[in-house]
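>>> Requesting a structural model of the entry that follows:
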Amino acid sequence: MDSPPDDVLRQIYADTKTIAVVGASGDDSKPGHTIPRYLQSQGFRIIPVSPKGGELLGERVYMSLKEIEEPVDVVDVFRPSDETPGIARDAVDLGAKVLWLQSGIESDEAKAIATDGGLVVVMDRCMGATHGQLGLGPGPHG
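Next up is the predicted model:
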């Protein structure tokens with residue numbers, strides 16, 4: 001696992017208002033739904049990103065990061081590792097501050113792209129569970 005120290009993670013949450021969730025899901029049995037819903041319940045604005053479009057968690061679903069025209073602090077990724085380099089490029093172009101790859105997702109190429117673009121990178125770690133582990137909330141299963 002490649003993760004910043006806890007104090008850096010705490011600062012990410014403190015500085016974050018808006019999270020774009022790539023791979024957000026309307027299926028409430030999937031982490032791509034339960035984690036964004038939890039983060040939203042903790043006061044973060046969620047911008048769902050999915051090629052399906054529509055609406056999710058009361059927010060417009062964008063087809064891609066390229067469509068978003070407002071500031072995004074974190075790009076939280078629920079997509080296979082092989083898709084993350086492109087997502088990292090889009091996150092840099094969007095001006096995000098953090099690229100967060102969920103549990104089981106790692107990519108050295110995506111990390112290099114994001115780091116070169118000035119982003120902090122978290123890989124193979126759940127953004128909802130980490131929020132709970134740091135004592136910032138009950139956690140998604142709390």
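
>>> Determine how far the helix or strand hosting T115 lies from the middle of the whole chain.
Element membership for T115 (DSSP states H and E) is helix 108-116. What separates the centre of helix 108-116 from the centre of its chain is 15 Å, taken as CA atoms, centre = their mean, to the nearest Å.

>>> The residue most central in space within the chain: which element?
Geometric centre of the chain, nearest residue: D76, 1.1 Å, by CA atoms, centre = their mean. Using DSSP H and E, D76 sits in strand 74-77.

>>> so the residue nearest to the centre of the chain bridges to which residues?
V21, W100 (DSSP bridges).

>>> what's I12 in contact with, if anything?
4, 74, 97-98, 120, 122 (CB atoms under 8 Å, 6 or more residues apart in numbering). For the C-beta atoms, the positions are set from N, CA and C on the backbone; glycine is no exception.

>>> and after the helix holding T115, which helix or strand comes next?
strand 120-122.

>>> Number of residues surrounding K97?
Using other CB atoms under 10 Å, K97 is surrounded by 16 other residues.

>>> Show the model's pLDDT score for the closest residue to it other than its chain neighbours.
In space, and not counting its chain neighbours, K97 is closest to D73: 5.3 Å by CB to CB, 6 or more residues apart in numbering. We have a pLDDT of 98 for D73.

>>> Hmm, T16 and D73 touching each other?
Yes - checked against CB atoms under 8 Å, the pair D73 and T16 is within contact range at 4.3 Å.
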